[in-house]
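Colleague: I need the structure of the sequence given here:
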Amino acid sequence: MGRQLSTPTAILLGSAMIAAAVYLGLRHGPAGVPTDPRPAGGAPSPPADAASAAGSAARAPGAGAPARPLQAPAPAPRPAPSVPRDEVATQAARALEAHRPALIERCYKPAVAAQPAPRGVKYVFNLTFDAQGRQLARGIIEDREASRPEVTACLVDALPPVAVAPPGANVRVDVPFSLP
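Modeller: Below you'll find the model as predicted:
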């Protein structure tokens, strides 16, 4: 009868092999990215022997120049919104209120006709607007005490994107909303 590894031992050995592969892969950097051959002092390292000196002369043009480390450009600072966040939230609340009659007719009344309780539903809309005032993202949080999943699903489908006056920068606001 042959000897077999136990499951914990096999997991440990597999993890060690993966860790070694990751370590060795990270030491050499990503493929195709030149590494800086200079030591910490900044001067080019001298060739170890004449064979390596001859090999360095046969390199591609520009290969002898010191490589510059790759750096991601610094992110541009985000401009502060020219319109206060409270004003954007007020505008978003007005835009949601403009859709209230259509949402009551399309989403709320059919749900109440099918099942009368609970009477009211409460939500918080998470809205993100770009610098021009267009909606970038929208999320809906429903109150567990006053929840109607069919109304929430209908709101997601029926409510068009909301727009506000251009705030000058990306702005995220939370807007309470309830039906009826």
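Colleague: work out for me the element P116 sits within.
Modeller: Following DSSP states H and E, there is no helix or strand that holds P116.
Colleague: quick one: pLDDT of it?
Modeller: Listed pLDDT for P116 reads 79.
Colleague: dump the residue contacts of P161.
Modeller: Taking Cβ atoms under 8 Å, 6 or more residues apart in numbering, we find P161 in contact with 134-135, 138. The way it works is simple: take the backbone N, C-alpha and C, and place the C-beta from them, glycine included.
Colleague: what average pLDDT does the longest helix anywhere in the chain get?
Modeller: Here the longest helix in the chain is taken by residue count, with DSSP state H as the criterion, and it is helix 7-27. Regarding helix 7-27, the rounded mean pLDDT is 86.
Colleague: dump that helix to PDB, restricted to CA.
Modeller: What follows is helix 7-27 as a C-alpha-only set of coordinates in PDB (Å, rounded to 0.1, in the frame of the first residue of the first chain):
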ATOM      1  CA  THR A   7      -5.300  16.800   3.100                       C
ATOM      2  CA  PRO A   8      -3.800  19.400   5.500                       C
ATOM      3  CA  THR A   9      -0.300  18.500   4.400                       C
ATOM      4  CA  ALA A  10      -1.200  18.700   0.700                       C
ATOM      5  CA  ILE A  11      -2.800  22.200   1.300                       C
ATOM      6  CA  LEU A  12       0.300  23.300   3.200                       C
ATOM      7  CA  LEU A  13       2.600  22.100   0.400                       C
ATOM      8  CA  GLY A  14       0.400  23.700  -2.300                       C
ATOM      9  CA  SER A  15       0.300  27.000  -0.500                       C
ATOM     10  CA  ALA A  16       4.100  27.000  -0.100                       C
ATOM     11  CA  MET A  17       4.600  26.400  -3.800                       C
ATOM     12  CA  ILE A  18       2.200  29.200  -4.700                       C
ATOM     13  CA  ALA A  19       3.800  31.500  -2.200                       C
ATOM     14  CA  ALA A  20       7.300  30.700  -3.700                       C
ATOM     15  CA  ALA A  21       6.000  31.300  -7.200                       C
ATOM     16  CA  VAL A  22       4.400  34.700  -6.300                       C
ATOM     17  CA  TYR A  23       7.600  35.700  -4.400                       C
ATOM     18  CA  LEU A  24       9.900  34.900  -7.300                       C
ATOM     19  CA  GLY A  25       7.500  36.500  -9.800                       C
ATOM     20  CA  LEU A  26       7.300  39.700  -7.900                       C
ATOM     21  CA  ARG A  27      11.100  39.900  -7.500                       C
END
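Colleague: understood, closing this out.
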